[in-house]
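Engineer: just coords:
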């Protein structure tokens, strides 16, 4: 569990659940192999955010580092 997720546990339950649900809607997609995972699953939080940023990450699917697109579903 990431330090950010530990901090979420200190919030009121309703807020923590809303934060987790919104973070799970944000999906990180590898441009090379198409592997998908949620922001929450990698230990991140993205709550009430907008836009489609790109994050430089290593893909667990293909093992390559590249600019992954973050989209809301």
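Structural biologist: Cool, the structure landed. All values derive from a computational prediction rather than experimental measurement.
Engineer: Name the SS class of residue 4, please.
Structural biologist: helix (DSSP: H, G, I helix; E, B strand; the rest coil).
Engineer: That one: neighbouring residues, count only.
Structural biologist: Using other C-beta atoms under 10 Å, residue 4 has 13 neighbouring residues. No exception for glycine: its C-beta is placed from N, CA and C like everyone else's.
Engineer: for residue 35, same thing?
Structural biologist: Neighbour tally, residue 35, other C-beta under 10 Å: 14.
Engineer: so the residue nearest to it when sequence neighbours are not counted, which of the three states?
Structural biologist: Excluding the flanking residues, the one nearest residue 35 by C-beta to C-beta, 6 or more residues apart in numbering is residue 61, at 3.1 Å. Under the three-state scheme (three-state DSSP), residue 61 adopts coil.
Engineer: Also the one 5 residues further on?
Structural biologist: Following three-state DSSP, residue 66 is assigned to strand.
Engineer: circling back to that earlier point, tell me the pLDDT at the residue nearest to residue 35?
Structural biologist: Here, the pLDDT recorded for residue 61 equals 94.
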